[in-house]
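# Got a predicted structure plus its sequence, pasted below:
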Amino acid sequence: MNVVLLETIEGLGSVGQEVKVKDGYARNYLIPKGLALLATDKNIKAFKSKIEARIRSEAKSREHAQKLSEQLASVTLRFKAKTGQEGKLFGSITTSDIFEQLEAKGFEVDKKKIHLAEPIRHTGTHEVDVRLFPGVVASVKVEVVPEDAAD
């Protein structure tokens, strides 16, 4: 089934693009959620202005995400944590901790967009990806130091 995407869907396509998907995926997910519409001449004509508005809106969102990505690249988050032998933490640094520090520094980032393969459990400097927009990923430095370390 051919559909026209009303939103960018990672791995499928971008706004306004006509793509071929399985019938069930279109009928049960894309169309009911307002992510796509059937690619008929009538629908394309009726929603042409809506699609163009979404394309403009997405371009602004991408531009905003790129600016935020540049700002986040210069940020270093510092965490003090209790440590045991060989720099292993008692506990871990999670996406929630990173989200709270980013928020405290004035960055508005969705907590779900912070990507950690696994929680940070050792001292040192770590790179954490923040997926701001499809194709726009910011890398934030996270520095973990022992609690008794001097500033």
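In hand now; what should we look at?
# how about the nearest residue to Lys141, chain neighbours excluded?
Thr76 (4.3 Å; CB to CB, 6 or more residues apart in numbering). Using the backbone N, CA and C atoms, a C-beta is placed for each residue, glycine as well.
# now swap in Pro146 and tell me
Thr83 (4.5 Å).
# With just CA atoms, put stretch 20-39 into CSV.
Taking Å, rounded to 0.1, in the frame of the first residue of the first chain, the C-alpha atoms of stretch 20-39 are listed here in CSV:
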residue,chain,number,x,y,z
LYS,A,20,5.2,1.7,0.1
VAL,A,21,4.4,-0.1,3.3
LYS,A,22,2.5,-3.3,4.3
ASP,A,23,-1.2,-3.0,4.4
GLY,A,24,-1.6,-3.8,8.1
TYR,A,25,1.1,-1.3,9.1
ALA,A,26,-0.7,1.4,7.2
ARG,A,27,-4.2,0.5,8.3
ASN,A,28,-3.5,-0.3,11.9
TYR,A,29,-0.7,2.1,12.9
LEU,A,30,0.3,4.9,10.4
ILE,A,31,-3.1,6.1,9.4
PRO,A,32,-5.0,5.9,12.8
LYS,A,33,-2.1,7.8,14.5
GLY,A,34,-2.1,10.5,11.9
LEU,A,35,1.4,9.7,10.7
ALA,A,36,0.4,9.0,7.1
LEU,A,37,-2.5,9.0,4.7
LEU,A,38,-3.3,6.9,1.6
ALA,A,39,-1.5,8.1,-1.5
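# Let me see the mean pLDDT of it.
Averaging pLDDT along stretch 20-39 yields 93.
# Can you list the neighbours in contact with that stretch?
With contact meaning CB atoms under 8 Å, 6 or more residues apart in numbering, stretch 20-39 is reached by Met1, Asn2, Val3, Val4, Leu5, Leu6, Glu7, Ile9, Leu12, Glu18, Asn43, Phe47.
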